[in-house]
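> Following is a predicted model, sequence given first.
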Amino acid sequence: MDAHAGLPHLQPILLFLAIAGLVMPLLARARVSQVVAFLVIGALVGPNGLGRVAADQGWLRWFTIADGEGVRVLAELGVVFMLFVIGLELPARQLWSLRRWVLGVGSAQWLGCGALIGAVALAFGHSEETAVVLGLGLAMSSTAVVMQLLAESGQTRSTVGRMSFAVLLLQDIAVVPLLILLGLMAGQSGEGGGGHFLMLMLTALLKAAAAVALILLFGRLVLTPLFRRVSVTTQADSFMALTLFATLGVAALTGAAGLSMALGAFLAGLMLAETEYRHAALLAIEPFKGLLMGLFFVSVGMSLDLLQVAGDAGWLVASVLGLYAIKSATMYGLFRRSGLSRGEAAEAALLLGQAGEFGFIVIGVAIAGGVLAGAVGNFMLLVVTLSMFLTPLAARAGRVLRQTLDAREADAPVSLAGDEADDGVVIIAGFGRVGQLVARLLDRADVRWVAIERHVAAATEHHAQGRPVIVGDAGRPSLLHHLGAGRARAIVVTMDDTAAARHVVRSLRAEFPALPLIARARDAAHARELMAAGASEVIPEALEAALQMGVHVLDRVGVDADTGARLIDAERAAGSA
């Protein structure tokens, strides 16, 4: 590996890219969950898998990851980008609508599960400090695993998805006071008493709140104006660079303030969620998020020591199943009290029953600070890893259980406040004078719509006036997918540029063959081109204006209405032929 000294960690990165680019598509065809596949592959190629025999078989070094440090650094970025995307997909008004579940159910889940797990630890003879660390650390679920599984099953906007996210968001916030608590526990020398301890906690939390407020102010004053100076349609590379800067820059600021970097990335996403750049930023970051999330799951799999698992198999199985039982039973009761149906409560409870990535952090910090004994900490790290391995199976069982239980219930499942279906939306490609007229008619008919505009200044002006106008290229099917085009009522192409309109119609018809696609044409020749490209209906602007003028002329010269209508229809058919 000396040949790669100038580029550290090249071999593990190449191996991962080969896995992601060659192996994962084959597993996807076999309908294997990406989470499961990456976890198993990580266990196989890690230092505790093939790495054990790579020293004797030199050729195996190319198919193993002996040093996972570089992988873990990149894997942490996967979680950061995932939280950024979650923030982008959750505008402030929707986040506010979930406040009851975030603060109420989320807090009750974390503290309730933490108390029960801590009580079990005390019953097994552990100290109070160990019980606090294990209770509050293992009460946190895995945002990475749960959100990925929800995305794979298309449930991120469902009631189960939103309730799960509300609980996970509270846990992401709760890691801040928990890490502060660990620091105080590690440094406490006995003087000062409980009052001094609580004062330090309160001071640290106030500093954290001030840091978050300053970061949000920074985003409003600096970040949003920066995005408005870059055109996503003509400066795609600069826009991508700015999106990465926003994600990592705000994450670095929260890290410097002693908070979670993932929380900073979530704040960055929230800042952009209310702007016209929301969907463009989502498309820019998606490839990075997907690859790095895969790397995160590989790193989790690498931490699994199969020999140690075999040696402690009985206790490990009992601990993992006990953890799932405590958390799932507690959350089922909380979710039922919050109004979820029996099936939804059971599915969400099983989905969140594992320990999470913050468990690695909390236990690692506790071991380093001397709060947790090394042997106990290493055992619990295995419990965390195995519980994450079990999650896809538990999630599948939860979906089956929900279908069974809800089929027996007479009452319809509840929907969380803030749910917004994409059904019924009309997408307007181009928001010039014609697009604005169509939008006004839709408003009068009380039909939801969203518009895509290439020109930054125009989109910014309309967005500032409260209209649902975003910056982007309507010819990119990926953008239309994010807007829910597969379930839209229709797409209206109103662009004045003939070549651009033809490109958009052709791209959309290839991606959405059954979707009604209504296009505006400049003249009859342009209309024929758009029909050939796949438009469902074409309205030639010049022809229709001339025909409307003809209606008034015929009326003025005394031609009766029936004859006039027949002549107009014949001319319209001839002009469209």
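Alright, I've got the coordinates.

> State the mean pLDDT of the longest helix along the chain.
Longest helix in the chain by number of residues (criterion: DSSP state H): helix 374-408. For helix 374-408, mean pLDDT is 85.

> Likewise for stretch 202-212?
Across stretch 202-212, pLDDT averages out at 71.

> can you give me the helices for the stretch 101-250 of the chain?
In the stretch 101-250 of the chain, the segments counted as helices under DSSP state H, counting those that start in this stretch are 106-123, 128-138, 143-152, 159-187, 193-218, 224-227, 236-256.

> weakest of those by average pLDDT?
The stretch with the lowest mean pLDDT among the helices of the stretch 101-250 of the chain is helix 193-218, at a mean of 68.

> do you know which of the helices of the stretch 101-250 of the chain lies nearest residue 96?
Of all those, it is helix 159-187 that lies closest to residue 96, at 11.9 Å by Cβ to Cβ. Any C-beta I mention is one placed from the backbone N, CA and C, and that applies to glycine too.

> and that closest one, what other elements does it pack with?
Other elements packing on helix 159-187 under the criterion 3 or more Cβ pairs under 8 Å, 6 or more residues apart in numbering; DSSP states H and E are helix 106-123, helix 128-138, helix 143-152, helix 193-218, helix 261-273, helix 342-351, helix 357-368.

> a markdown table for those, including mean neighbour count?
Listed next are these as a markdown table, based on neighbours: other Cβ atoms under 10 Å:
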| stretch | mean neighbour count |
| --- | --- |
| helix 106-123 | 19 |
| helix 128-138 | 23 |
| helix 143-152 | 22 |
| helix 193-218 | 13 |
| helix 261-273 | 25 |
| helix 342-351 | 26 |
| helix 357-368 | 22 |
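
> export the ones you listed to CSV and tack on distance to residue 178?
What follows is the helices and strands packed on helix 159-187, written out as CSV (distance: least, Cβ to Cβ, whole Å):
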stretch, distance to residue 178
helix 106-123, 9
helix 128-138, 5
helix 143-152, 15
helix 193-218, 11
helix 261-273, 13
helix 342-351, 22
helix 357-368, 6
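
> rewinding a little: which neighbouring elements make contact with the longest helix of the chain?
The elements that helix 374-408 packs onto, with contact taken as 3+ Cβ pairs under 8 Å, 6+ apart, are helix 34-45, helix 128-138, helix 143-152, helix 278-302, helix 306-311, helix 313-337, helix 342-351, helix 357-368.

> Show me the domain layout of the chain.
The chain breaks down into these structural domains: 1-67, 68-408, 426-576 (assignment by automatic domain parsing).

> Deepest in the core, which of those is it.
Mean neighbours per residue, mean count of other Cβ atoms under 10 Å, is largest over the domains of the chain for domain 68-408, with a mean of 19.

> circling back: out of the helices and strands packed on helix 374-408, which gets nearest to residue 374?
Of the helices and strands packed on helix 374-408, nearest to residue 374 by Cβ to Cβ is helix 357-368, at 5.7 Å.

> Compare the helices of the stretch 101-250 of the chain and report which one is nearest to residue 393.
Closest approach to residue 393 among the helices of the stretch 101-250 of the chain is made by helix 143-152 (10.7 Å; Cβ to Cβ).

> got a list of contacts for the closest one?
The set of residues external to helix 143-152 that reach it, using Cβ atoms under 8 Å, 6 or more residues apart in numbering, is 33-35, 78-79, 82-83, 86, 156, 158, 160-161, 164-165, 168, 171-172, 262, 293, 296-297, 351-352, 354, 356-357, 388, 391-392, 395.

> any idea how far residue 252 is from residue 244?
Relative to residue 244, residue 252 is positioned 12 Å away (Cβ to Cβ, to the nearest Å).

> ok, residue 164 to residue 395 distance?
Counting by Cβ to Cβ, the separation of residue 164 from residue 395 is 10 Å.

> Can you give the contact residues for stretch 324-343?
Stretch 324-343 is touched from outside by 101, 104-105, 108-109, 112-113, 116-117, 120, 139, 141, 159-160, 163, 167, 344-346, 348-350, 352-354, 387, 390, 394, 401-407, 409, 411, 413-414, with contacts defined as Cβ under 8 Å, 6+ apart.

> Contacts only, for the nearest residue to residue 509 once chain neighbours are set aside.
Closest residue to residue 509 apart from its sequence neighbours, by Cβ to Cβ, 6 or more residues apart in numbering: residue 534 at 2.9 Å. Residue 534 makes contacts with 505-506, 508-510, 517, as judged by Cβ under 8 Å, 6+ apart.

> And for residue 41?
Neighbour list for residue 41: 19, 23, 298, 301 [criterion: Cβ under 8 Å, 6+ apart].

> With pLDDT and distance to residue 472 as extra columns, can I get these in JSON lines?
Written out in JSON lines, the entries for the contacts of residue 41 read as follows (pLDDT from 0 to 100; distance: Cβ to Cβ, whole Å):
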{"residue": "19", "pLDDT": "77", "distance to residue 472": "32"}
{"residue": "23", "pLDDT": "71", "distance to residue 472": "33"}
{"residue": "298", "pLDDT": "78", "distance to residue 472": "33"}
{"residue": "301", "pLDDT": "74", "distance to residue 472": "37"}
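
> Max pairwise distance over the residues you listed: which two?
Spanning the widest gap among the contacts of residue 41 are 23 and 301, at 13.5 Å by Cβ to Cβ.
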